Structures are given as structure tokens and as C-alpha cells.
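> sequence first, then the predicted structure:
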Amino acid sequence: MGGTNFIILKKNEMTSLCRLKFNSLNIKVKSNRIKLVLVPVFFWIAFFDFSQSESIVINPSFIYMHVHDVVDTAVSSYTPSGCTTKSYKFDVDQNNVTDFTLTTSCYMGGSGGDKKITLSSSDSSYFAIDTNVIDTIGSIVAGQIVYNPAYFSLVKAYEWNDSINMEECNQQAVKNIVDYSCGYFPSFISYHSMDSWISGDHYIGFRKQINGINHLGWIKLSVSNYNQFVVKEYALSFLDSPIKIYPNPVVDNVTIQCGYLENSDFKVYNLLGEIVLQSKLVKGLNQIDLSELRHGVYSLQVSGLDYLIQKQVVKL
């Protein structure tokens, strides 16, 4: 809760944005003093839940992203002299510390072999994984391959215009993007048979904490096979948002600072998705009076022609 976090979506996704549902909290007490203790705790829990539901849409044309179109770089673990291990490192916030490492490796020996592409992260960086990938493990019996279903945990493959959700980006340890392994004693084949990664361009969704504030982004990647990938671009949400909303929690007046956005629409929604206040914003500082609103959690939405920014605030 130390920084300013946003939900930023495409314009055509606005209609369902505020369909928020909460389980009712029904606590009956006789003492007013106890009520004063319980209410702020409830507000904090609700605000924390909101802060974990933020997302961005994978689209380089949107104004809230810094997109770095790097020179297409192919990285392969195959060399004329045999197998090796190679890596590609990302420093997405350009602080001279590695945030993400893509690694391709292969091994062939007398007992079997393995080739894979993996991702790991560091420096307060996290990426999204899919823990429900159903693939197959093949066992060679009497010269025939018998396949059995199995669950794998892989780096999640996003597509163009998919939404990257904050709560999905929580992985740092090494995870496979693709993997193929085989053995001779005993005989087996294990690989990601459904490999959606090995077909054109895909995106890796990530979260990066900078000065205690979460920023979302993506890495654009093409995976040619089990031992080669091509890095194409990466993107990170603006370190300085074009919209700043403070203070939070708010007692009476909230300040909305607009950067280069002109004539933005401003709306306040309650937890039922109802509009309780709306107005127009101008470039610069805007003072909005929320004193007539009841205590609770509200959604503040700022929108324009091709952007929508939403933040949850607590009204005391």
C-alpha cells in the first residue's frame, strides 16, 4: 500500500470493469468502541484485495507502456562442436541489475539426454506460470511408446491483447518454457507434447517492484524448438504514471494530477458498480470533493479515447 497502483485496460473492456462482488461482512456488536476498531481493519483487507487485481493489456500502442524493440536475437544451445548452455539477460528497469534470465541448454549422454529453455528472475521481479498444463510422459515398452497424462508447471504463454494480471506474476525460481528429455536405462520420453510455445510469437507476463511500487510488463519471445529462442521486445509500464491520485485513504478531498491527458472523464463507483460521482478533468491538478460519500471502498476511474485507468481508494 506504499505506492500508487493502477488498473489499466482497453476502452472496449470498460463495461465489465466494475462488476465487483464482495461477501457481506455481518458483525453485530454492542459497543461503539469495538465498531471503530473493526471497521478500519475491514477497509484495509478490502483495499489489499483490490491492489492484487490490477492488470494491463498486451498492446504496444497503449500510452501506459515503455516498449523496447530490441534487435531480434537468436539464442541456441546447439553449436558445431556439440551441446552447450547459453543465456539472455534482461534489465527491464535499466538499473544495471539483471531482472530476468532466459537460458537454453542441452545434454546428450550414454544414459539419455535433455534439452530445454528456462526462465528465472531476481531483483524484485516475478513472472507468471501456468500450473495446470496437462502433457504426456512416454514410456517405451517392447519397442512401443505408451503415453500417460501428467501435470506440468510451465512459464505461461500470453497472446496479443491478453490481460496480464498482477496476482499471476509471483514466480522467481527457474521454470521451464519448453523441455524434452529421454532415457535409455530405463527407457522413457518426457516432453511437453502440447507445446503452445513452439509456434510463432508469444509473451511472458511479469511484475517488477521499483521503490515499493508494482509495475507490469511483458517479454516478446519466439521459440523455434526445444533448444532455440528469439528475443524480440520487452515492455514495462511507465515508472511515472500520467495519472496520480492521492491521498489514500481520503477524508474529504482527493487530488488527481493529470500529465499529458486532456479532457479525461472521471467517475467514482461504489462496491455495487454504481456511479456515485462523475466529472471532467483538466490537465494539471484537479481537486475532487468526496466529503458527501459514505465511509467505504470506492473505484476511481479516469478514461479517455484510448485509455482507462482505475484505482481503488478508501473513504474514511
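All right, it came through fine.
> need the single longest strand in this structure, by residues.
strand 125-141 (DSSP state E).
> by contact count, what packs against that one?
Other helices and strands packing on strand 125-141, by 3 or more CB pairs under 8 Å, 6 or more residues apart in numbering; DSSP states H and E, are strand 144-155, strand 169-171, strand 187-191, strand 201-210. C-betas here are computed from N, CA, C, even on glycine.
> how distant is whatever helix or strand comes next after the longest one from the center of its chain?
Along the chain past strand 144-155, the next helix or strand (assigned with DSSP states H and E) turns out to be strand 163-165. Mean C-alpha position of strand 163-165 versus that of the full chain (CA atoms, centre = their mean, to the nearest Å) differs by 5 Å.
> tell me what strand 163-165 is packed against?
So strand 163-165, by 3+ CB pairs under 8 Å, 6+ apart, packs with strand 55-57, strand 201-210, strand 213-225.
> and of those strands, who's closest to residue 190?
Of all the helices and strands packed on strand 163-165, the one in closest proximity to residue 190, counting by CB to CB, is strand 213-225 (16.2 Å).
> which element follows that closest one toward the C-terminus?
strand 228-237.
> show the average pLDDT along that following strand.
The pLDDT scores in strand 228-237 average 93.
> packing partners for the helix or strand immediately after it in the chain?
Counting by DSSP H and E, the next helix or strand C-terminal to strand 228-237 is strand 243-246. Contacts defined by 3+ CB pairs under 8 Å, 6+ apart place strand 243-246 against strand 253-258, strand 308-315.
> what's the closest of those strands to residue 116?
strand 308-315 (39.2 Å).
> quick one, the closest one and strand 253-258 angle?
Interaxial angle, strand 308-315 versus strand 253-258 (axes from the mean of the first three to the mean of the last three CA atoms, to 10 degrees): 160 degrees.
> just name the most buried of the helices and strands packed on strand 125-141.
Burial of the helices and strands packed on strand 125-141 is given as mean neighbour count (mean count of other CB atoms under 10 Å); strand 201-210 ranks first at a mean of 22.
> now do the contacts for residue 233.
Applying CB atoms under 8 Å, 6 or more residues apart in numbering, we find residue 233 in contact with 60, 67, 68, 69, 70, 219, 220.
> strands - which of the residues you listed land there?
Short answer: the contacts of residue 233 in strands (DSSP E) are 67, 68, 219, 220.
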